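S.K.: Fold the stuff below for me.
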Amino acid sequence: MTASLKSSMSSLCVFKSNVSPKLHYPPRTCSSVMNNNAPCSRKLVRKSKASVKAVSFEDQVNIKSHDDEGFYDLHESNKATLQLYAILETVCDRIEMHYNVGVQRDNWNSLLLNSTNVITLAATTMAGVASSLHDGAEQLFALKLSSTLLFSAATWMSLVMNKIQPSQLAEEQRNATRLFRQLQAQIQTTIAVGNATEEDVNNAIEKVLALDKAYPLALLGGAMVEKFPSKFEPAIWWPSSSKTESPSSSSSSPDLTKSSSSTKNGWNEKLEMEMREIIEVVKRKDAEDYERLGNLALKMNKIMAISGSLFTGIAALGSAIFLGNNNNDNGSWGIMIVAVVAGAMASVVNAFEHGGQVGMVVDMYRYCGGFFRLLEETTESTLEEKNCEKRENGEIFEMKMALILGRSVSQLRKLASKSAFCRSQGSEVDEFASKLF
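M.R.: Just a heads-up that it's a prediction; the model follows:
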């Protein structure tokens, strides 16, 4: 017991002798120096303040002098982005306005058509009953007067409907809503990509004003789109290009190498020839066909508009003449037959014109014609640009063109090859460029 205790005490003494305590002091900082030596601390503080002032002044000079143009562009980009957001709010408001007005005018078409036909048929029935009765002068007079008033009201309502064409008005607002939504998506894409410029802002404003002019909301004051023009014209809803190219720039070819395999910003001669062939097909097939159909629909609408009002007017006139004749002789009976037949024909014509929405078909052809004209102008202006770097990327442009026409890129290239072969053979291509319309 005592031996083990002695051995443990000896090992503890050996452990103590091996451990030598050491104190690690931190290095003397400026604070410790300041406490011990005040004059030294004042010098260090002065030097540190002077160095801080010198560095801060130099940094300010560098900030102001370094990349001044980039700083200016960043400021302008932020300003342009804020302006685009303001335009976007206006576009969203336009979308809501045109949508609500379109729904309202579609209701006009249904309500006015039903009201006009009901009034016309009621007047026709009263005229027929009055012509078949021979007794009761007071009853005959009431039926004659009622039919005359109803035919007159139907005539005025028919004139108003044929003048404003509610189905065409509703189609105009539907197209305006869709185009404003398309503009909304374009502005949102520009903002998302970033680096918006003043040119983007001006283009967005011009597009909004062009859409307001192409699809007005007002009906009075000459703002309404002409429903019966002398010649069918496609709708124009984009701003006219203010850039006029000089003859030298328009006639000179773009900066491309002769090798069709080499590309510059996605463009080469083969792609340019392909785009030109597609535009030729659009001009010769799609645009001409829709212009022909638009003229046909416009003529049909004119004939129906004149016929509907004319029939109701004849019926009102015959009923008025029959009203002044108290005797139901053969002459008055023949007049009432004319009034009854004219009233029935007026109901049929109005049902075909406004129930079939011929005015809507006319505006649909106007939109399709404008769609193809916009496609032509966009492609031609792109190909006329000499600097390929300023164009949209060629591969993206080709893909967008194919999707717009409802084709794949390979189908678009086959159509261009087919068009070039047909032109070399002196024949016309047997298919349309667009598979959507």
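S.K.: which residues are in contact with stretch 224-233?
M.R.: Contacting residues not belonging to stretch 224-233 are listed as 163-165, 168, 172, 215-216, 218, 291, 294-295, 298, 301-302, 305, 359, 365-366, 369 [Cβ atoms under 8 Å, 6 or more residues apart in numbering]. To be clear about C-beta, it is placed using only N, CA and C from the backbone, and glycine gets the same treatment.
S.K.: correction: stretch 149-168
M.R.: With contacts defined as Cβ under 8 Å, 6+ apart, stretch 149-168 is touched by 105-106, 108-109, 112-113, 115-116, 119-120, 122-123, 126-127, 219, 224, 227, 301, 305-306, 308-309, 312-313, 315-316, 319, 339, 343, 346, 350, 353-354, 357-360, 362-363.
S.K.: When you filter the contacts of stretch 224-233 down to buried only, what's left?
M.R.: 164-165, 168, 172, 215, 291, 294, 298, 301-302, 305, 359, 365-366, 369 (16 or more other Cβ atoms under 10 Å).
S.K.: out of those residues, what pair is the most spread apart?
M.R.: Within the buried ones among the contacts of stretch 224-233, two members stand farthest from each other by Cβ to Cβ: I164 and E291, at 24.6 Å.
S.K.: where does the stretch 51-200 of the chain dip in pLDDT?
M.R.: 51-77, 134-139 (pLDDT under 70).
S.K.: repeat that for 80
M.R.: Residue ranges of the stretch 51-200 of the chain with pLDDT under 80: 51-77, 130-141.
S.K.: what residues are up against the residue nearest to I95 when sequence neighbours are not counted?
M.R.: Closest residue to I95 apart from its sequence neighbours, by Cβ to Cβ, 6 or more residues apart in numbering: F180 at 4.7 Å. F180 makes contact with 91, 94-95, 98, 211 under the criterion Cβ under 8 Å, 6+ apart.
S.K.: Same check on Y215?
M.R.: By Cβ under 8 Å, 6+ apart, Y215 lies in contact with 98, 172-173, 175-176, 179, 225, 237.
S.K.: so of those, which ones are in helices?
M.R.: Counting by DSSP state H, the part of the contacts of Y215 found in helices is 98, 172-173, 175-176, 179.
S.K.: Out of those, who's the most crowded?
M.R.: Among the ones in helices among the contacts of Y215, E172 has the most neighbours (other Cβ atoms under 10 Å), with 27 neighbours.
S.K.: which non-adjacent residue is nearest it?
M.R.: E172 sits nearest to Y215 (Cβ to Cβ, 6+ apart), 5.2 Å away.
S.K.: Of the buried ones among the contacts of stretch 224-233, which is the nearest to W333?
M.R.: Checking the buried ones among the contacts of stretch 224-233 against W333 with Cβ to Cβ, the nearest one is A305 at 31.0 Å.
S.K.: roughly how far apart are that closest one and F151?
M.R.: In this view, A305 and F151 are 18 Å apart by Cβ to Cβ, to the nearest Å.
S.K.: Could you check the pLDDT of the residue nearest to E172?
M.R.: The model reports Y215 with a pLDDT of 93.
S.K.: From I337, how far out is it?
M.R.: Y215 is 46 Å from I337, where distance means Cβ to Cβ.
S.K.: Which of the residues in the host helix or strand of D363 are classified as buried?
M.R.: Using DSSP states H and E, the element containing D363 is helix 358-384. For helix 358-384, a neighbour-count test (16+ other Cβ under 10 Å) marks 358-376, 378-379, 382-383 as buried.
S.K.: So what's the gap between it and the chain middle?
M.R.: Relative to the mean C-alpha coordinate of its chain, helix 358-384 is positioned 13 Å out (Cα atoms, centre = their mean, to the nearest Å).
S.K.: what distance separates the start and the end of stretch 216-231?
M.R.: Stretch 216-231 has an end-to-end distance of 20 Å (Cα to Cα, to the nearest Å).
S.K.: residues touching K144, list them.
M.R.: 126-127, 130, 319, 322-323.
S.K.: now do G308
M.R.: Going by Cβ under 8 Å, 6+ apart, G308 touches 158, 162, 346, 349-350, 353.
S.K.: Now for those residues, which sits with the most neighbours around it?
M.R.: A346 (30 neighbours).
S.K.: Where does that one sit, in terms of helix or strand?
M.R.: helix 330-350.
S.K.: Identify each buried residue in that helix, please.
M.R.: Residues 332, 335-336, 338-347, 349-350 are the ones in helix 330-350 that count as buried (16+ other Cβ under 10 Å).
S.K.: Does anything pack onto that helix? Which helices or strands?
M.R.: helix 68-132, helix 137-164, helix 288-324 (3 or more Cβ pairs under 8 Å, 6 or more residues apart in numbering; DSSP states H and E).
S.K.: Of those helices, which is nearest I191?
M.R.: That would be, of the helices and strands packed on helix 330-350 and by Cβ to Cβ, helix 68-132, which comes in at 5.5 Å.
S.K.: Pull the number of nearby residues for V225.
M.R.: Neighbours of V225 (other Cβ under 10 Å): 17.
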